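# What would the 3D arrangement of this be:
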Amino acid sequence: MAHLDEQALKRDYREELRATSLRYGRMMAGVGVLVLGYMFINDYFLMGVGALAFTRMVGFIPCVVYTVLSYTCFKRCRSYIIPAHVLLSAFLMVSSGLFSVGLFMTGLEGKAYGAAGTMQASVLATFVFCNGVRKYLWAIVLIPLVLTLVTILSCCAPSRVELTLFYTPFITAVCVVAVGVSQARMAARGYRMGRLVEVHKNDLEEKAEALQLANNELQQFASAVAHDLKVPLHSIRTALETMELRSDTTESDKQEWVEQMRFVTGTADRMSQMIASMLSYACLENCSEDFCYVSLDEVLEAVKLNLKHLIEDSGAEISAEALPAVWGDRMQLTTLLQELLVNAIKYRKPGTQAAIRLSVEDDGDWARVLVHDNGIGFEAKHKRAVFRPYQQLKTHAKGEGNGIGLASCAKIVKLHGGSIGVDPVVDQGSTFYFTLPKSA
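Next comes the predicted model:
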């Protein structure tokens, strides 16, 4: 079952936070430019608070700077996005705090209402536009509020009613910080669960695809068994019927009966070999040993020993470069090389001695093994068909194969995570090649 790479998950989530922070930071900066610009004009020209209106610039200028940087610097230096968003939010809170302190120091009517309303609006606006940096809300909101309260207490001698009004943004800030931190944690968990679902969804889709392929292969297997076994069974039945019709023949026809029995026995033997090959192919995936480092040189020597009589009878010459050690199943790799060598010997050109050469190419983490032969070859359009189970090319019809050998090779290579192919040339031979992993 697939699993999450926690380090990669953290990197991806950090990038997601940066993208979210940049998006909300731009919105905050845009709204800040509009609102603080309007408030400055209103305070300076309509309310007549004089220099106090310039406290709006403490938030207005960072909004302009952030907007410019978000379309220039932050595209190259993404690590600055979150710190810049935190600073922007803090400057907006400080701007509101300075304005509130200034209101308390004036003699304007309703100054406490104006100060508390300003801080309340700033706290709520910060919460709305700080998605992506909500785990820093305690510093963005509470620290400016505490500093503002300390300054008011030490400089402005507020009344009890005025202080009571100013406690409202404090209560809001505590709630905002609690909700913000909780949402930040929930967002992290939600992102992790989303990725986990995505990973397992992909894993399930791959397994479903593999199951469908296995099902198709099973159907093909059943069809091939039904078709291929009909022929020898029909031959046996015909031979037996012929023998039955001639049960009243004389002693001189016994020799013919012996020939018929030999035919029946040979056909039964071929059926047995066919069934054994099919079962061997079907059980490849479940009949494997534990994977380990396997020397292909040792595997080749074992194959030569297994095929000693076939090699001597055919006069085949087998040469090989130094083959590497790979990560795989020794039994399956032995079957792989053995089937390829048998195929090269079986389909040699008539009257020609089979010449087989093994070579290897380095392909990074994979070893690419090539098996060259000088056999009859085949047309390039059949390059894929030769690896399908239970199929034989017309050019190979005279052979004694059953279409399982090369299909088994393809399945073994697939079980090792590699790939297999062939470059054929009619009447000149073929080059089969496959890749195997060098390590686990």
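# How far off centre is stretch 407-427?
If you compare the mean C-alpha spot of stretch 407-427 with that of the full chain, they lie 24 Å apart, counting by C-alpha atoms, centre = their mean, to the nearest Å.
# got the contact list for it?
Taking contacts as C-beta atoms under 8 Å, 6 or more residues apart in numbering, the residues outside stretch 407-427 that touch it are 280-281, 284-285, 288, 326-329, 332-333, 335-336, 339-340, 349, 366, 376-380, 382-383, 386-391, 430-437. All C-beta atoms are positioned from the backbone trio N, CA, C, and that covers glycine.
# quick one: contacts for residue 311?
Contact criterion C-beta under 8 Å, 6+ apart gives 304, 318, 345 as the residues in contact with residue 311.
# Try it again at 10 Å.
Each residue near residue 311 by C-beta atoms under 10 Å, 6 or more residues apart in numbering is listed here: 303, 304, 305, 317, 318, 341, 342, 345, 354, 356.
# ok, how many other residues are close to residue 5?
Residues near residue 5, counting by other C-beta atoms under 10 Å, number 11.
# just to revisit the earlier point, and which of the contacts of residue 311 is nearest residue 238?
Distance ranking of the contacts of residue 311 against residue 238, using C-beta to C-beta, places residue 342 first at 30.8 Å.
# now the host helix or strand of that closest one: mean pLDDT?
Counting by DSSP states H and E, the element that carries residue 342 is helix 330-346. Confidence over helix 330-346 (mean pLDDT, whole number) is 90.
# repeat for stretch 303-315
Averaged across stretch 303-315, pLDDT comes to 88.
# Show me how far it is from its chain's centre.
Worked out by C-alpha atoms, centre = their mean, stretch 303-315 lies 44 Å from the chain centre.
# Tell me the span between the first and last residue of it.
As for stretch 303-315, its first-to-last residue distance stands at 16 Å under the measure C-alpha to C-alpha, to the nearest Å.
# Check the gap between residue 298 and residue 330 for me.
8 Å (C-beta to C-beta, to the nearest Å).
# more crowded one of those two?
Taking residue 298 and residue 330 together and counting by other C-beta under 10 Å, residue 330 has the greater number of neighbours (18 against 14).
# May I ask you to confirm that that one is in contact with residue 337?
No - between residue 330 and residue 337 there is no contact, the gap being 11.0 Å when judged by C-beta atoms under 10 Å.
# Identify the contacts common to these two.
Common contacts of residue 330 and residue 337, defined by C-beta under 10 Å, 6+ apart, comprise 299, 302.
# Domain boundaries for the chain, per the record?
Here the domain parsing of the chain from automatic domain parsing is 6-202, 221-282, 292-437.
# Using a markdown table, lay out the ones you listed together with distance to residue 211.
Conversion of those to a markdown table gives the following (distance: least, C-beta to C-beta, whole Å):
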| stretch | distance to residue 211 |
| --- | --- |
| domain 6-202 | 15 |
| domain 221-282 | 15 |
| domain 292-437 | 15 |
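# which residues in the stretch 301-440 of the chain form strands?
317-320, 325-328, 355-363, 366-372, 420-425, 429-437 (DSSP state E, counting those that start in this stretch).
# wait, which of these is closest to residue 146?
Between residue 146 and the strands of the stretch 301-440 of the chain, the tightest spacing by C-beta to C-beta is seen for strand 429-437, at 61.2 Å.
# pLDDT averaged over that closest one, what's the number?
Mean pLDDT, strand 429-437: 92.
# What residues of it count as buried?
Residues 429, 430, 431, 432, 433, 434, 435, 436 are the ones in strand 429-437 that count as buried (16 or more other C-beta atoms under 10 Å).
# is it true that residue 339 touches residue 387?
No - using C-beta under 10 Å as the test, residue 339 is too far from residue 387 to be in contact (11.2 Å).
# Please enumerate the shared neighbours of those two.
Shared contacts of residue 339 and residue 387 (C-beta under 10 Å, 6+ apart): 406, 407, 408, 409, 432.
# export those residues to a markdown table and tack on distance to residue 64?
As requested, the shared contacts of residue 339 and residue 387 are exported to a markdown table (distance: C-beta to C-beta, whole Å):
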| residue | distance to residue 64 |
| --- | --- |
| 406 | 71 |
| 407 | 70 |
| 408 | 71 |
| 409 | 69 |
| 432 | 69 |
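# So which of the residues you listed sit within helices?
Residues of those located in helices (DSSP state H): 406, 407, 408, 409.
# Write the PyMOL selection for whichever of these are buried.
A single PyMOL command is used to select the members of those judged buried by 16+ other C-beta under 10 Å:
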select buried, resi 406+407+408+409
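# Specify which member of the ones in helices among the shared contacts of residue 339 and residue 387 is nearest to residue 101.
For those, the residue nearest residue 101 by C-beta to C-beta is residue 409; the value is 83.0 Å.
# any idea how far residue 358 is from that closest one?
In this structure, residue 409 lies at 14 Å from residue 358, with C-beta to C-beta as the measure.
# Please apply the same query to residue 423.
15 Å.
# Kindly report the same for residue 5.
The separation that residue 5 has from residue 358, given C-beta to C-beta, amounts to 38 Å.
# got the buried residues for stretch 146-154?
Under the neighbour-count criterion of 16+ other C-beta under 10 Å, stretch 146-154 has 148, 149, 151, 152 buried.
# Of those residues, which belong to helices?
Residues of the buried residues of stretch 146-154 located in helices (DSSP H): 148, 149, 151, 152.
# can you put these in CSV and add pLDDT?
As requested, those are exported to CSV (pLDDT from 0 to 100):
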residue, pLDDT
148, 92
149, 90
151, 91
152, 90
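# ok, those vs residue 202, which is closest?
Nearest to residue 202 among those is residue 148, at 51.5 Å by C-beta to C-beta.
# What distance do you get for that closest one to residue 116?
The separation that residue 148 has from residue 116, given C-beta to C-beta, amounts to 11 Å.
# show me what contacts residue 185?
134, 135.
# swap the cut-off to 6 Å and go again
For residue 185, no contacting residues are found, by C-beta atoms under 6 Å, 6 or more residues apart in numbering.
# Secondary structure of it: a helix, I assume?
Yes - judged by DSSP: H, G, I helix; E, B strand; the rest coil, residue 185 forms part of a helix.
# No more questions from me, cheers.
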